[in-house]
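*Asks:* Return a 3D structure for these sequence lines:
(2 chains)
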Amino acid sequence: DTEVTQTPKHLVMGMTNKKSLKCEQHMGHRAMYWYKQKAKKPPELMFVYSYEKLSINESVPSRFSPECPNSSLLNLHLHALQPEDSALYLCASSQDPTLDRWYGYTFGSGTRLTVV
Amino acid sequence: AQSVTQLDSQVPVFEEAPVELRCNYSSSVSVYLFWYVQYPNQGLQLLLKYLSGSTLVESINGFEAEFNKSQTSFHLRKPSVHISDTAEYFCAVSPRGGNTPLVFGKGTRLSVIA
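*Replies:* You can find the predicted model right below:
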């Protein structure tokens, strides 16, 4: 399996809702990433997990809460979002970047989130 | 810290014409370099990467990129484009052996005209 699977593909939620985005990989990658991408912009890093521990939080508002229950799964819990949070949310995984043989990131197809 | 500059935000080109998408990077350490492609309403797909060895790398769909250390560039080229190549192309850089996440350029929108 050489894919990163993200679910759902589309999500519409109200500003008072609680929802979760899910990301799964079975490539044995020990680093996982959440990115946010607005239209016509590059992806912006939100969080990095390394060996199931949060290693980077790019000053993301607390209404976004990441979770890494195991080495294959990454969740992003959403609560009290704002309309400006509407975007494509991308998950990625990679081998440990400090290894000599590193091949970059594998991205999922994303969850397109609309906050109404 | 690393940074990536994609000099052209949009590149229109006629079908079957050649194209070059430019990418320059800045880094004080050795780097890995990547090109990702994003088709409309999809995620990012790895197009090609430079890790080590030959400075010319090729993809399965006819794109190639050449790592030029002296000019700190990694330009993407294709000798003859197709309508299906219309997409957003992102250049990205990561330091070798480090734990710094991938840094993306702002992207170049390639539009192939029939």
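*Asks:* got the residues of chain B near chain A?
*Replies:* Residues of chain B lying near chain A by Cβ under 8 Å from any Cβ of the partner chain: B:32, B:34, B:36, B:41-46, B:49, B:51, B:88, B:90, B:92, B:94, B:97-102, B:104-107, B:109. For every residue, glycine as well, the C-beta is placed using N, CA and C.
*Asks:* center of the chain - which residue?
*Replies:* No chain specified, so I'll use chain A. For chain A, the residue nearest the mean C-alpha position is residue A:34 (2.8 Å; Cα atoms, centre = their mean).
*Asks:* actually chain B
*Replies:* residue B:35 (3.5 Å).
*Asks:* then the strand or helix carrying that one to CSV, C-alphas only?
*Replies:* If you go by DSSP states H and E, residue B:35 is part of strand B:31-38. This file holds the C-alpha atoms of strand B:31-38, laid out as CSV (Å, rounded to 0.1, in the frame of the first residue of the first chain):
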residue,chain,number,x,y,z
VAL,B,31,18.9,20.0,0.2
TYR,B,32,16.5,17.6,-1.4
LEU,B,33,14.3,19.1,-4.2
PHE,B,34,10.9,18.2,-5.4
TRP,B,35,8.3,19.1,-7.9
TYR,B,36,4.7,18.3,-7.0
VAL,B,37,1.7,18.7,-9.4
GLN,B,38,-1.9,19.5,-8.3
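*Asks:* Note down every partner strand of that strand and its orientation.
*Replies:* When pairing is defined by DSSP bridges, strand B:31-38 lines up against strand B:45-50 (antiparallel), strand B:87-95 (antiparallel).
*Asks:* for those, which one sits closest to residue B:8?
*Replies:* Ranking the strands paired with strand B:31-38 by proximity to residue B:8 (Cβ to Cβ) places strand B:87-95 first, at 9.9 Å.
*Asks:* other SSEs contacting the next helix or strand after that closest one?
*Replies:* Following strand B:87-95 in sequence order, the next helix or strand is strand B:103-104 (DSSP H and E). Packing contacts for strand B:103-104, counted by 3 or more Cβ pairs under 8 Å, 6 or more residues apart in numbering or on different chains; DSSP states H and E, involve strand B:3-5, strand B:87-95.
*Asks:* mind listing what's buried in the following helix or strand past strand B:103-104?
*Replies:* With elements assigned by DSSP H and E, the helix or strand that comes after strand B:103-104 is strand B:108-113. Buried residues in strand B:108-113, counting neighbours by 16 or more other Cβ atoms under 10 Å in any protein chain shown, are found at B:108, B:109, B:110, B:112.
*Asks:* These: which two are farthest apart?
*Replies:* Largest separation among the buried residues of strand B:108-113 by Cβ to Cβ: B:108 and B:112, giving 12.8 Å.
*Asks:* in chain A, what spans have low per-residue confidence?
*Replies:* The model of chain A has no residue with pLDDT under 70.
*Asks:* residue boundaries of the strands in it?
*Replies:* Assigned by DSSP state E, chain A shows strands spanning A:4-7, A:10-13, A:18-25, A:31-37, A:44-50, A:53-57, A:64-70, A:73-79, A:87-94, A:106-107, A:111-115.
*Asks:* which one of the ones you listed lies closest to residue B:68?
*Replies:* Of all the strands of chain A, the one in closest proximity to residue B:68, counting by Cβ to Cβ, is strand A:87-94 (25.2 Å).
*Asks:* ok, that closest one: who's next to it in the sheet?
*Replies:* Strand A:87-94 sits in its sheet next to strand A:31-37 (antiparallel), strand A:106-107 (antiparallel), strand A:111-115 (antiparallel), going by DSSP bridges.
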